[in-house]
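Visitor: what shape does this take:
(2 chains)
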Amino acid sequence: MITVGIDSGSSTTKAVLLEDSKQLAYTIIPTEFDFVKASEKAYFDVISQSDVQEGDIGHVYSTGYGRKNIGLAERSISEITAHALGTSYLFPEIKGIIDIGGQDNKVISVEHGKVLDFLMNDKCAAGTGKFLEYTARALNIDINDLGDLWFMSKEPALITSMCTVFAESEVISLRTQGILKEDIAAGLIKSIANKVAIMAKRINLHNSHGPIAFVGGVAKNRGIHAALEQEISTTLLVPPEPQITGALGAALYES
Amino acid sequence: MPELKTMEYLKKIYKKRVNELQELRNNGVKVIGTFCIFVPDELIFAAGADRTILCGGKNETIPLAEQYLPRNICPLIKSSLGSIVNDGCSGIDSCAHFGLVDMIIAENTCDGKKKMYEILDDFIPTYVIDLPQRPDTDIALQYFLQELESLKTELELFTGNEITSTKLLDRIKESNEIRKLLHQLYCERKRDPSPISGVDVLKIMQKQFFLSPTEFKHILKMVIEEIEHIQPEQESNTKPRVMIAGCPLSGGNTKVPKIIEERGGVIVCEESCTGTRSFWDLVDEDENKDPMLSLSQRYINIPCSCMSPNKKRLESVVDLAQEFNVDGVIYYTLQFCHGYNIEAYNVQKELKKAGIPMLSIETDYSDSDIEQLGVRIDAFLEMIS
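Guide: Numbers count the residues shown, from 1 in each chain, chains lettered A, B, ... in the order given. As a prediction, this is how the structure comes out:
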């Protein structure tokens, strides 16, 4: 049986193609304006990458922010369920998942792929990929380099604002005080890690007896990974491609 | 679920009631505005007045209120004041009945409402009853009884009618009749599958303190008779049964219940002011007892989050969840409603002990978070199915 999972996210669209639960192909493309177009492009991407015909595809399931609009999919599941399925498939022993995406972050407590409890950030961008994107801009550096600065800092600056807009002005004010770039960057990373760690503690993830996985686009950022491990005092498992666990979970979903 | 005739009937009721209130006023009957289920309407009716609830559930009138109130307070408070101060010049619609009251009887529940009432008094004479916040002591009961006695005097002065014990007892009996009918309606929802949607019940509940008792009784009888015979299709049996617990859902606000039911859940109970809190306990009808004392005993026991400690509410949430056999509880808080928001922690703790999952939601009246709420609710329904 060949299945495709499409994760229609706010920043990127991901697709995974499986044959009998074995991953044949995946893709990650920018979502841009049109969710539907991006999902179609991702879908045909994974088909052309693997040696299958469109007609051979048994099921297509969608997840992510735009999941309800994906005409290709026969049904959609929530990101929470999808991440739980996908991540538990990669790490069968995990008890918790931390996912930081472009627009939201979630913490999930799981057992054998089944969701026991979860929490998502509220309406605001604090602690999400967007927070990093904006504040990296205020530091005048590329978002991909932000994480490396974590390891260079000896004394992370204290960032008190949770609000993305105000944090940006806080960064500018720290710059005028002559604080080192790496210390400001480390301060930002610490503040996002702290926000997410509090969420994780609210659903008791730090006391779950088993490994915790870190997924989503932001999990690629080594600095945040390290800072988050420090905040919740445990090692976090990051899959080789942490951005596709939602799409993988959707592909694994059987109704 | 088929559309109920009662719901059709309900659509036409608003205009009818507004005309009725207008007519009453033309004939010299006083109309009192209220905001809360702590105000015993038995007293208002016994004084020969009528009452209508003024809690706002509409987003549109919020900007009007922000001329007077801070931005960061609860939407219910802002929407309510906005509807009252609306002079119609801004082109914003608010319900006509907000302009029909001669006086307001309010109550000291949360800080936001308390302070809003002080401003409201500039627009409509507002009388506020005080509530003791530790309700389970004798002294609190004595105090609350005194407060109701003062309210009684105020109402007698305002209407020119004496509130006799006989009149009061009659009104208590009538209100109890409504409470019993509501118990009957809620009892139907214990069936699996439930014969009525939560959104429909909510729309009925939102009219409880808006309509006259006679009309509301009529509606309850109509809906009970209609759903008694409904045998819902067995397939809807797979829908997860959800209870909403938390803040009131005032008239015009059906946002979250709609999302829950559109996404495959069915709401079978509301632990809310627009739910069980408004009718669960009856008033003692013992004729050998002072009816004012009976009123005080019943009303002081309403498990609102403004009370502390609030063990009664924690117990009642778990009891209701079990009684209505729910798969999960969706805890509903309005933004900046600190009482219900903070109490979510203890409610979750108690529900966890009882093995009942809970999802906490904080929202306002705007549509901006419908998608975000949808994701959480989808995930929760997937989790409990």
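
Visitor: point me to the helix or strand that includes whatever residue of chain B ends up closest to chain A.
Guide: Using C-beta to the nearest C-beta, the closest approach of chain B to chain A is made by residue B:379 at 3.5 Å. Heads up, the C-betas are built off the backbone N, CA and C, glycines and all. Here residue B:379, judged by DSSP states H and E, is contained in helix B:370-384.

Visitor: what would that helix look like as PDB? C-alpha coordinates only.
Guide: Below are the C-alpha coordinates for helix B:370-384, written out as PDB (Å, rounded to 0.1, in the frame of the first residue of the first chain):
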ATOM      1  CA  ILE B 370     -11.300  30.200  14.900                       C
ATOM      2  CA  GLU B 371      -8.700  28.200  13.100                       C
ATOM      3  CA  GLN B 372      -6.300  28.000  16.000                       C
ATOM      4  CA  LEU B 373      -9.200  26.900  18.300                       C
ATOM      5  CA  GLY B 374     -10.200  24.400  15.600                       C
ATOM      6  CA  VAL B 375      -6.800  22.700  15.600                       C
ATOM      7  CA  ARG B 376      -6.900  22.200  19.400                       C
ATOM      8  CA  ILE B 377     -10.500  21.000  19.400                       C
ATOM      9  CA  ASP B 378      -9.800  18.600  16.400                       C
ATOM     10  CA  ALA B 379      -6.800  17.200  18.300                       C
ATOM     11  CA  PHE B 380      -8.800  16.900  21.500                       C
ATOM     12  CA  LEU B 381     -11.700  15.100  19.800                       C
ATOM     13  CA  GLU B 382      -9.300  12.800  18.100                       C
ATOM     14  CA  MET B 383      -7.700  12.100  21.400                       C
ATOM     15  CA  ILE B 384     -11.000  11.200  23.200                       C
END
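
Visitor: show me the contact partners of it.
Guide: Residues from elsewhere that reach helix B:370-384 (C-beta atoms under 8 Å, 6 or more residues apart in numbering or on different chains): A:65, A:77-81, A:104, A:114-116, A:118, A:120, A:123, B:240, B:242, B:255-256, B:259-260, B:263-265, B:327-328, B:330, B:357, B:359, B:361, B:363.

Visitor: selecting buried members of the residues you listed in ChimeraX, what would you type?
Guide: In ChimeraX, this line selects whichever of the contacts of helix B:370-384 come out buried by 16 or more other C-beta atoms under 10 Å in any protein chain shown:
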select /A:65,77,78,79,80,81,104,115,116,118,120 /B:240,242,255,256,259,260,263,264,265,327,328,330,357,359,361,363
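
Visitor: re the thing from before, give me the number of residues near the residue of chain B closest to chain A?
Guide: Residue B:379 has 24 neighbours, counted by other C-beta atoms under 10 Å in any protein chain shown.

Visitor: ok, residue B:298 next?
Guide: Residue B:298 has 20 neighbours, counted by other C-beta under 10 Å.

Visitor: test my guess that it contacts residue B:283.
Guide: Yes. At 4.4 Å, residue B:298 counts as touching residue B:283 under the criterion of C-beta atoms under 8 Å.

Visitor: what residues does chain A put near chain B?
Guide: Contact residues (C-beta under 8 Å from any C-beta of the partner chain) of chain A with chain B: A:65, A:77-81, A:104, A:114-118, A:120, A:122-123.
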